[in-house]
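Novice: Next one to model:
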Amino acid sequence: MNWYDQKTRRTRRPRRIEEESSAEIGFPILWILIGLLAAMLIIGLVSLGALNLLRRQAITPTPPFIAGLAPTQPILDAPVSDGTESTPTIPPVVTLPPTVTPVPSATPIPQVPEIIEIGGFARIINTDGFGVSMRAGPGTNNARLGIVPENMDVEIKDGPRESENLEDYIWWFVLAPDGTEGWIATDFLEPSIGPNR
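Specialist: Next comes the predicted model:
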């Protein structure tokens, strides 16, 4: 025997005895028990189902009295009419008159007056965006009270008056939106419908 054979003999594992004995048993007992339990369960379910079917056919669940319910009356055949009985009448159909929807009246469009007059309004124009000076009197020699911006509407309170210093201007006494009162020349005013119209 050479050295290699001796070494392999020592390292080989011997065969177990348990392996040989388990190989001989073909079917474990545990599987037999599981099969028996499953068969018993199936037989029990089938017998319960058959018993339930038999019980349903034998018993009809009709209680003799249910609290709160009145027994029903049997339906009798309708009596034969001899023509003397009154026939039911259909109530008349009530027709309601159509409701009239009011037509909204047209709101009149305010017309711009043709002339400047007391109690009316005028718009500031011709100032190239700078506004017009409001004076303390009807003339450029009077003190400036403020400047009314262009396109602003003013209320006409008095006028027309000629200029105090003999200028070619005609002056109107106005009320500005900020509450200031003063005189403005006609050249910077045009008739207007007012700020709130």
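
Novice: could you pull out the helices for the chain?
Specialist: Listed in chain order, the helices of the chain (DSSP state H) span 3-11, 17-24, 29-58.

Novice: can you tell me which of the ones you listed the model trusts least?
Specialist: Note on those: helix 17-24 shows the lowest mean pLDDT, a mean of 50.

Novice: Show me how the protein divides into domains.
Specialist: Using automatic domain parsing, the domain parsing of the chain gives 28-59, 121-192.

Novice: least reliable of those domains going by mean pLDDT?
Specialist: When I compare the domains of the chain, domain 28-59 is least confident, with a mean of 86.

Novice: for the protein, which strand is longest?
Specialist: For the chain, the longest strand by residue count, based on DSSP state E, is strand 153-162.

Novice: who's in contact with that one?
Specialist: Applying C-beta atoms under 8 Å, 6 or more residues apart in numbering, the contact partners of strand 153-162 are 116-124, 138, 148, 170-177, 181, 183-184, 186, 189, 192, 194-195. C-betas here are computed from N, CA, C, even on glycine.

Novice: Return the subset of the residues you listed lying in strands.
Specialist: Per DSSP E, strands hold the following members of the contacts of strand 153-162: 121-124, 148, 170-175, 181, 183-184, 189, 192.

Novice: Tell me the backbone dihedrals of the closest residue in space to residue 143 that isn't next to it in sequence, please.
Specialist: Among residues not flanking residue 143 along the chain, residue 136 sits closest, at 4.4 Å (C-beta to C-beta, 6 or more residues apart in numbering). With angles defined as degrees, to the nearest 10, residue 136 sits at phi -80, psi -20.

Novice: I'd guessed residue 136 sits against residue 145; true?
Specialist: Yes: with contact defined as C-beta atoms under 8 Å, residue 136 reaches residue 145; the gap is 5.8 Å.

Novice: so who does residue 121 touch?
Specialist: By C-beta under 8 Å, 6+ apart, the residues touching residue 121 are 153, 154, 155, 156, 191, 192, 193, 194, 195.

Novice: okay, now the first one: neighbour count?
Specialist: Read it as residue 153. When neighbours are counted by other C-beta atoms under 10 Å, residue 153 registers 18.

Novice: got it, and the last one?
Specialist: Using other C-beta under 10 Å, residue 195 is surrounded by 12 other residues.

Novice: close enough to count as contact, it and residue 176?
Specialist: No: with contact defined as C-beta under 8 Å, residue 195 does not reach residue 176; the gap is 10.9 Å.

Novice: that older thread, out of the contacts of residue 121, which is nearest to residue 89?
Specialist: Distances from residue 89 to these, taken as C-beta to C-beta, are shortest for residue 193 (67.1 Å).
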